[in-house]
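>>> generate coordinates for the sequence data below:
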Amino acid sequence: MNFLRSVDLFCRVIDNFGDVGVCWRLARQLAVEENLQVRLYLDDLASLYRIVPEPDQSVQLVKWGDDLVYTESADLVIEAFACDLPDQVIEAMKERDRPPVWIDLEYLTAEDWALSCHAIPSVHPSTGLQKTLFFPGFVEKSGGLLRENDLVLRRDSFQSDVLAQNKWRKAHNLPEFDENFIDLSFFSYKTAPIEVFFNELSEYSRDIRVFYPVLDGFGVEKRGQLTIYRVPFFSQSDYDYLLWTCDANFVRGEDSFVRAGFAAKPMIWNIYVQENDAHLVKMRAFLDLYRAAFLPKVWEGLAESFYLWNLEGEIKKGFWKSFLDNLPVLTQGARLWADGICSQDALVTKLLEWGKNNNILIKKDKL
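Residues are numbered from 1 along each chain as shown. Model (predicted):
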């Protein structure tokens with residue numbers, strides 16, 4: 001008999017779209033693909049509605065505020081990104097005859113230390129409840145990546161069908177596919193050298209179109225060889241199609257970064273800045289894994305692109321030309337990377353498998 005039937009997922013929104021994007025994706029997969037009863041507790045519902053304008057009813061959304069009422073714990077309780085559960089949640093977990101599986105879902109990292117901490121339980125000193133850190137990652141020994149069961153099939157079908165791509169583009173006021181253009185998706189923090197990048201693209205030898213989701217200031221801007229389409233934010237599901245239809249993708253944070261890896265297209269990652277340059281350590285750890293998918297002759301330039309996009313070094317004029325020139329061979333490497341991470345068990349599979357194998361069978365009064 002399956003002990004795991006219900007899930008409570010708690011999320012405090014720090015990075016406006018990354019945290020909530022990951023948590024909604026996880027909650028919906030648990031509900032739709034695993035047929036579990038899922039409640040998602042969010043302190044900022046408005047951020048969710050930016051990327052999921054009309055959430056379906058598969059997940060019960062609960063506003064997490066000071067007036068939260070919580071009386072009955074789910075079988076699986078997930079606190080996302082060390083958000084600290086309210087006292088009444090801890091009390092409800094203690095009151096169960098059979099303690100819940102309690103997971104602290106951490107941020108994605110490729111750093112080696114995370115593997116030594118992944119899926120190792122510890123006992124909470126004051127409650128006796130067992131809590132486990134769960135680290136998403138890019139290798140089999142990690143917690144895996146959030147990936148829907150049908151993602152690869154949908155991606156390959158869409159990318160092989162120009163008519164389907166053009167239909168999707170038309171619905172979102174984007175120009176049709178044209179092999180004479182290089183199409184880039186663009187989503188970055190303000191810390192990236194955006195204007196330097198755009199100015200260089202405007203002088204490239206081929207026409208370039210940048211599809212740039214923004215919150216306001218919509219419109220089309222022409223700069224030499226470059227045309228910038230500032231368009232409204234895409235829904236979480238439509239953002240995948242944007243990544244799939246472009247020749248390369250500039251992404252930021254965690255969720256869009258992972259989705260760009262699945263897209264099998266070259267990508268440049270703008271990582272969220274952290275104190276003491278901790279974000280650069282995370283980026284280097286990822287690049288150590290990512291490099292295996294690329295030919296040595298293009299790898300050095302691609303790695304330097306990541307560093308310069310995150311303001312590590314001085315950008316030389318003409319630098320981005322080599323990135324654009326190498327898109328065909330970079331695409332081969334991106335496909336190899338996508339094939340590798342998509343061949344592994346996804347995060348939901350690993351999470352539920354761990355939960356089923358490690359649920360606590362003893363009664364509370366025997367603790």
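
>>> what segments of the stretch 251-367 of the chain are strands?
Assigned by DSSP state E, counting those that start in this stretch, the strands in the stretch 251-367 of the chain fall at 267-270.

>>> oops, could you answer that again for the stretch 1-150 of the chain instead?
With DSSP E, counting those that start in this stretch, the ranges of strands along the stretch 1-150 of the chain come out as 6-11, 37-42, 60-63, 76-80, 101-105, 121-123, 130-134.

>>> tell me the pLDDT at Asp15?
In the predicted model, Asp15 carries a pLDDT score of 65.

>>> what's the burial count for the residue found closest to Thr127 once you drop the neighbours it is linked to in the chain?
Nearest non-adjacent residue to Thr127, counting by Cβ to Cβ, 6 or more residues apart in numbering: Lys94, 5.5 Å away. Backbone N, C-alpha and C define where each C-beta goes, glycine included. The number of residues packed near Lys94 is 17, by other Cβ atoms under 10 Å.

>>> this structure - how does it break down into domains?
Domain ranges of the chain: 6-145+345-366, 151-342, per automatic domain parsing.

>>> pLDDT below threshold where in the chain?
Counting by pLDDT under 70, the ranges of the chain that qualify are 1-3, 15-16, 312-315, 359-367.

>>> who's in contact with Val281?
Glu111 (Cβ atoms under 8 Å, 6 or more residues apart in numbering).

>>> report the central residue of the protein.
For the chain, the residue sitting closest to the mean C-alpha position, by Cα atoms, centre = their mean, is Asp255 at 1.5 Å.

>>> now that that one has come up, it's in contact with Gly21, right?
Yes. Assessed by Cβ atoms under 8 Å, Asp255 is found in contact with Gly21 at 3.8 Å.

>>> tell me, what's touching the two both at once?
Gln236.

>>> list of residues touching stretch 307-327?
Contact partners of stretch 307-327, identified using Cβ under 8 Å, 6+ apart, comprise 182, 188, 191-193, 196-197, 200-201, 204, 206, 208, 247-248, 250, 266, 268-271, 279-280, 283, 298, 301-302, 304-305, 330.

>>> follow-up on the earlier one: make TSV out of the strands of the stretch 1-150 of the chain and add mean neighbour count and distance to Ala27.
Putting the strands of the stretch 1-150 of the chain into TSV (neighbours: other Cβ atoms under 10 Å; distance: least, Cβ to Cβ, whole Å) gives the following:
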stretch	mean neighbour count	distance to Ala27
strand 6-11	24	5
strand 37-42	22	4
strand 60-63	15	9
strand 76-80	24	9
strand 101-105	23	11
strand 121-123	12	23
strand 130-134	18	15
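
>>> what's the closest of those strands to Arg291?
strand 130-134 (26.4 Å; Cβ to Cβ).

>>> name the helices or strands packed onto the following helix or strand past the closest one?
Once the chain leaves strand 130-134, the next helix or strand it forms, by DSSP states H and E, is helix 151-159. The elements that helix 151-159 packs onto, with contact taken as 3 or more Cβ pairs under 8 Å, 6 or more residues apart in numbering; DSSP states H and E, are helix 162-171, helix 236-245, helix 255-262.

>>> all set, thanks.
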